[in-house]
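Undergrad: Based on what follows, work out the 3D shape:
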Amino acid sequence: FLFNSLLIIAIYLGVLYYYRSKINSNKINYLYLIGMFFESAVWSFILYSLIIGYGNFYLAINGNSFFTSITLSIGAGIWEELFFRLILINLLFHLSIYVLKINKVIAISISIFISSVMFSASHYLIYFGQEFDFTSFIYRGFSGIFLGILYLVRGYGITVYCHIFFDLFITLYPIFKLVR
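TA: Here you go, the predicted model:
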């Protein structure tokens with residue numbers, strides 16, 4: 001727990017240091033950030049609408065409190081997108097292009113597919129993992145493909161917010177019985 005907290009603080013401070021000139025000179029366009037927020041909510045609702053049609057999938061709260069579940073939803077959106085989209089898709093793409101000499105369209109398709117399978121599988125391997133279920137594996141894989149394409153088309157920020165909103169939707173689903 002301490003290592004993870006220190007890592008998050010170090011990354012946050014690193015980002016602040018990197019963008020200090022924009023922060024100090026008020027070059028951040030907050031209207032743009034608000035637009036990103038709402039666009040992400042729309043994308044997450046589209047993903048939610050596509051996924052929820054296949055069954056009552058929701059995040060297993062695993063006995064956690066409501067606020068812990070919300071925190072996990074936010075953390076998953078940030079860290080899973082960082083690893084599976086920003087790092088893994090780019091790494092696989094560059095390996096495919098420069099090492100394997102694969103066509104760019106095929107390379108990006110393979111990169112999204114592999115990262116989506118790994119994204120789905122990770123939900124069964126980590127501490128908070130669930131017992132393997134093929135149906136939820138497929139829906140998570142589809143979500144990974146959706147988020148991978150969204151990452152390529154709209155970028156990391158939109159994808160992170162989309163993932164957070166989606167996780168919040170499926171966390172809150174059993175509590176508030178969100179519309180199907």
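Undergrad: which other residues reach the one helix or strand residue 170 maps to?
TA: Following DSSP states H and E, one finds residue 170 within helix 156-176. Contacts to helix 156-176, defined as C-beta atoms under 8 Å, 6 or more residues apart in numbering, come from residues 36-37, 39-41, 43-45, 47-48, 51-52, 56-59, 61, 66, 69-70, 72-74, 76-78, 80-82, 85-86, 143, 147, 150-151, 178. Placement of C-beta: from N, CA and C, glycine included.
Undergrad: Buried ones among those residues?
TA: Buried residues within these, counting neighbours by 16 or more other C-beta atoms under 10 Å: 36, 40-41, 43-44, 47-48, 51-52, 57-59, 69-70, 72-73, 76-77, 80-81, 85, 143, 147, 150-151.
Undergrad: Check which helices and strands the helix or strand that contains residue 146 is in contact with.
TA: Here residue 146, judged by DSSP H and E, is contained in helix 134-154. Contacts defined by 3 or more C-beta pairs under 8 Å, 6 or more residues apart in numbering; DSSP states H and E place helix 134-154 against helix 30-52, helix 104-122, helix 156-176.
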